[in-house]
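J.: sharing a model that was predicted from the sequence below.
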Amino acid sequence: MKIVFFSESQVIGKIPRDFSNARTEYAWMMALDSTHIPLPNVGHFSTTDEHFDLGIVIVPKTNPNIDLDGIRKSCDKVAVMQEGPHWYFQDYSVEHQFHYYNTLMGADWVYCHNESDVNYYLGLGCKDVRVMRSLMIPEGIEKRNWGKNETIIGGNFVSWYGGFDSYVVAKSIGDPISAPSMGRKQDQEDLIEDINYLPYLSWRDWIKTLGEYNIGIHLMRTHAAGTFAMNCGFHGIPCIGYKGLDTQETLHPLTTVDVGDLEAANDLAKKLKDDKFYWLCSQTALKRFDDYYTERSWLENWEKTNG
């Protein structure tokens, strides 16, 4: 199929394999050899320029007012891709909630992140809901040789990321703790003496830096693409996280706990100090990454899902 993605990103055209900010959405575009057109450009995009079999729209979190009719002028089929957790749109104004709902209903089908999201969208009334697995294309990036005895937590101290929960569990391991600096980071987090905050990193630098760590913890109740668990899986880093996230459950089945079960998470954190259990978790993640999250396995699943 000839495919085009539409999103708020300002990148135009094909995505190079060594793109420095190759997050999941760009990895999809690379794997499908698709074109990207910024949503603000849709009104200026002439149907005589190019026509596509499928247009995939990633609705911006902050601007859900998308006109699918304009996109249909250049696409035979139009699908909407979930952005963020499936409930995110319910924080919009009432008007925008209905607009987003109508956008979903107007699509030929909806792509979602996780199997746990499928029934939600079906329940909303979407007739065709398909999971689009998360993907990373680590072009030219080596897997870790072996990490130092340090723990990295996956997010900052806000409810969106659950950083406080991850921090408490990380402390039970007893190793130095690091955390990325995300857009929701609070100023007072820099006052926490036993967390080393990494500077903002490009995607490629983030993947390389992550390979320096030994254990990942990401007790994030907000379920979306699950890239932290996937990135850890690439390196064979055991990751403690919650059920409901496909990347976590698939790559780290031995370190996945029920949402909110910090007691079980603490027990697993201590258990990972055992070399035998750690090795089992690490090798499981590496094997399952190869089975489910390489570009080859992703494309096989894409063909199966989309015919």
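T.: Cool, the structure landed.
J.: pLDDT below threshold where in this structure?
T.: 43-49, 147, 183 (pLDDT under 70).
J.: list the contacts of the helix ranked longest in it.
T.: When secondary structure is assigned using DSSP state H, the longest helix within the chain turns out to be helix 275-292. The contact list for helix 275-292 (C-beta atoms under 8 Å, 6 or more residues apart in numbering) reads 133, 143, 230, 232-234, 236-239, 250-255, 271-272, 297-298, 301. In this view, the C-beta of every residue, glycine as well, is placed from N, C-alpha and C.
J.: with only the CA atoms kept, save the helix or strand that comes right after it in PDB.
T.: Where DSSP states H and E defines the elements, the next helix or strand beyond helix 275-292 is helix 295-306. Written as PDB, here are the backbone C-alpha positions of helix 295-306 (Å, rounded to 0.1, in the frame of the first residue of the first chain):
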ATOM      1  CA  GLU A 295      11.200  -4.300  12.200                       C
ATOM      2  CA  ARG A 296      10.900  -7.700  10.500                       C
ATOM      3  CA  SER A 297       8.500  -9.100  13.100                       C
ATOM      4  CA  TRP A 298       6.600  -5.800  13.200                       C
ATOM      5  CA  LEU A 299       6.100  -5.900   9.400                       C
ATOM      6  CA  GLU A 300       4.900  -9.500   9.600                       C
ATOM      7  CA  ASN A 301       2.300  -8.400  12.200                       C
ATOM      8  CA  TRP A 302       1.300  -5.400  10.100                       C
ATOM      9  CA  GLU A 303       0.600  -7.700   7.100                       C
ATOM     10  CA  LYS A 304      -1.400 -10.000   9.300                       C
ATOM     11  CA  THR A 305      -3.400  -7.200  10.800                       C
ATOM     12  CA  ASN A 306      -4.000  -5.300   7.600                       C
END
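J.: helix 295-306 vs helix 275-292, what angle?
T.: If you take axes from the mean of the first three to the mean of the last three C-alpha atoms, to 10 degrees, helix 295-306 sits at 60 degrees to helix 275-292.
J.: same for helix 295-306, what does it pack against?
T.: helix 24-31, strand 129-131, helix 275-292 (3 or more C-beta pairs under 8 Å, 6 or more residues apart in numbering; DSSP states H and E).
J.: swap in 10 Å and give it another go.
T.: The contact analysis (3 or more C-beta pairs under 10 Å, 6 or more residues apart in numbering; DSSP states H and E) places helix 295-306 against helix 24-31, strand 109-112, strand 129-131, helix 275-292.
J.: PyMOL command to pick out the buried ones of the contacts of helix 275-292?
T.: A single PyMOL command selects the buried members of these (16 or more other C-beta atoms under 10 Å):
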select buried, resi 133+230+232+233+234+236+237+238+239+250+251+252+255+271+272+297+298+301
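J.: in strands only, show me the contacts of helix 275-292.
T.: Judged by DSSP state E, strands contain the following of those: residue 239.
J.: list the contacts for the residue nearest the centre of the chain?
T.: Note on the chain: the residue nearest the mean C-alpha position is residue 225, at 2.6 Å, using C-alpha atoms, centre = their mean. Contact analysis of residue 225 by C-beta atoms under 10 Å, 6 or more residues apart in numbering lists 23-25, 82-84, 113-114, 132-135, 245-247.
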